[in-house]
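*Asks:* Next comes the sequence, and after it the predicted model I'd like to discuss.
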Amino acid sequence: MIFNFYLFDRNGECLYHQEWKRLSANRRSEEAQADAAKLMFGMLYSLKDFVKRISPSVPYEGFRHYITGSYKLNCVESMTGLKLVLTTDVNVGDIQQDLREIYKIYIKYAVKNATYECGEPIQLEMFKDNLDVFVRKLSYFRL
């Protein structure tokens, strides 16, 4: 099952957020969603730094996911510092390739769109629609 998706730029700005299933039934206000995005990026930043410090491998290869009792957070970071985060059910396997496909959707429908300014929140319907179609077709969308 897929819960939600975040797309952050290298400075921690949330460029896009989509929820498919919430762990709690309560809907959040825009302010609460913005706060949640800030907390998510701060946690990612801290985890990346922590993993980098304790990693026995050189060069550092990055952190890909972590698992709690109720969800799995999956993350891919591009060479430009863009972070794609998908939270899923704990039973979902390695989805790094799916996150790379989402990155391709971002490139195709946002970056290459003449009306989109990089670093701004994504409001493009073509991006939103194609992301939603891709995610809903994934085998683990509804586990």
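*Replies:* Good, I have the coordinates.
*Asks:* Now for this protein: which helix has the highest residue count?
*Replies:* helix 30-54 (DSSP state H).
*Asks:* The next helix or strand after that helix pairs with which strands?
*Replies:* Sequence-wise, the next helix or strand downstream of helix 30-54 (DSSP states H and E) is strand 65-67. With DSSP bridges as the test, strand 65-67 is paired with strand 72-77 (antiparallel).
*Asks:* Can you name the residues in contact with whatever helix or strand comes next after the strand it pairs with?
*Replies:* As assigned by DSSP H and E, the chain's next helix or strand after strand 72-77 is strand 83-88. The contact list for strand 83-88, computed with CB atoms under 8 Å, 6 or more residues apart in numbering, reads 1-8, 10, 40-41, 44, 71-78, 95, 98-99, 102-103, 106, 140. For glycine as for every other residue, the C-beta is placed from the backbone atoms N, C-alpha and C.
*Asks:* per-residue pLDDT, Tyr140?
*Replies:* At Tyr140, the model reports a pLDDT of 92.
*Asks:* Now for it, how many residues are close by?
*Replies:* 15 (other CB atoms under 10 Å).
*Asks:* got it, and Leu15?
*Replies:* Leu15 has 20 nearby residues by other CB under 10 Å.
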